[in-house]
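> have a look; sequence and predicted model below, questions after that.
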Amino acid sequence: MDEKIKKRLISFFEKHELRSYRSGEIIVKPGEKFPGLVFLKSGYVKVYTLSKDDKEIVLQIFKPLFYFSLIYAMTRRKNRYYFEAIGPVEMWVAPKKEAIKFIRSDCLTCSVLMKAIMGAFLDLNVNVEQLISGNAYSKVANFIASTVGKHGAKEDSTVRIKFPVTHKMIASMTGLTRETVTLQLLKMEKQKIIDNEGKRITVIDFKKLEEASVV
C-alpha cells in the first residue's frame, strides 16, 4: 500500500477501538459479520474454509485485512470464511458508515484502494491458472513468490517471509498433499533457490523462483 495512503488510513482508524487477538484465535466465522471496517495495526490473518471432510483450505493470508472488510461492507454479501490470527494480532475497528464516508470523501485514497483491489484480482487469476494447469513444483514456487512479494522482508541479498509458513499451509493453498509440498521445497533448497529453516522461508534467488513458478 502507498505510504501516504497508509498514513491517512492509520490517522483515521487509530481514533477508534483497538482489539487484540491471540495466535490461533478466530476473528470472524462463516455467517458472522465484521464488527465494522477493520485495519490491522500488527500481525497477519489467514482466510480459510473447511471442506466436507473438515479439511482446512487456506485461501488468502492478509496483512491489510481492511480490504476484505471493505468488500463485504460495499457488497453486503454474507461472509463464508473463517478469519484466524497468525500470531498476535491488533486491529482497529471503525463504524462501517463512518469509514465508507471517509474513503468516499478522499479521491486519492479511493483511487489507490481501487488499484490495490484490481491488483489482487489479477493475482487471483494467476493462482487459478496455477491450480488448473501448474505442476506441483510450479504451484509451490508460485505460492512462495506471491507471498514473499506481499509479505517479504529484505535481508541483504535475500528476502524472508515475515511469518512462519508450514508445509500444511502451503498444501492447503495449492491443493497438494503435505508430503508433495515437502519434496518440492527440498528440491528448491538443493537448487539454492530458497532456504527453509524453522518454518521460515527465505528466498535466495528470486529470478530462479520466478522462472520455476511459470506454468
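Alright, I've got the coordinates. Numbering: from 1, shown residues only.
> hey, where'd the helices end up in this structure?
Secondary structure of the chain by DSSP state H: the helices cover 3-13, 66-75, 96-105, 107-133, 136-151, 167-174, 178-190, 206-213.
> ranking those by mean pLDDT, which is last?
Sorting these by mean pLDDT places helix 107-133 lowest, at a mean of 76.
> just give me the residue right at the centre of the protein.
Ile61 (2.4 Å; Cα atoms, centre = their mean).
> so what's it bridging to?
Under the criterion DSSP bridges, Ile61 forms beta bridges with Lys46.
> thought it was touching Leu40?
No: the pair Ile61 / Leu40 is not scored as a contact, 11.8 Å apart, by Cβ atoms under 8 Å. Placement of C-beta: from N, CA and C, glycine included.
> what does the domain assignment say about the chain?
Domain assignment of the chain by automatic domain parsing yields the ranges 3-106, 134-213.
> quick one on the thing from earlier: which of the helices of the chain sits closest to Glu32?
Among the helices of the chain, helix 66-75 comes nearest to Glu32, with 10.6 Å by Cβ to Cβ.
> what comes up buried for the closest one?
Using 16 or more other Cβ atoms under 10 Å as the test for burial, helix 66-75 gives 66-70, 72-73.
> ok now that helix, how far from the chain's centre?
Centroid separation for helix 66-75 versus its chain: 15 Å, with Cα atoms, centre = their mean, to the nearest Å.
> what of stretch 163-183?
The answer for stretch 163-183 is 15 Å, by Cα atoms, centre = their mean.
> pull the residues that contact that stretch.
For stretch 163-183, contacts defined as Cβ atoms under 8 Å, 6 or more residues apart in numbering pick out 44, 46, 48, 55-59, 61, 86-87, 130-131, 136, 139-140, 143, 147, 151, 184-185, 198-201.
> any of those buried? List them.
With burial judged by 16+ other Cβ under 10 Å, the buried subset of the contacts of stretch 163-183 is 44, 46, 48, 58-59, 61, 86, 130, 136, 139-140, 143, 147, 151, 184-185, 201.
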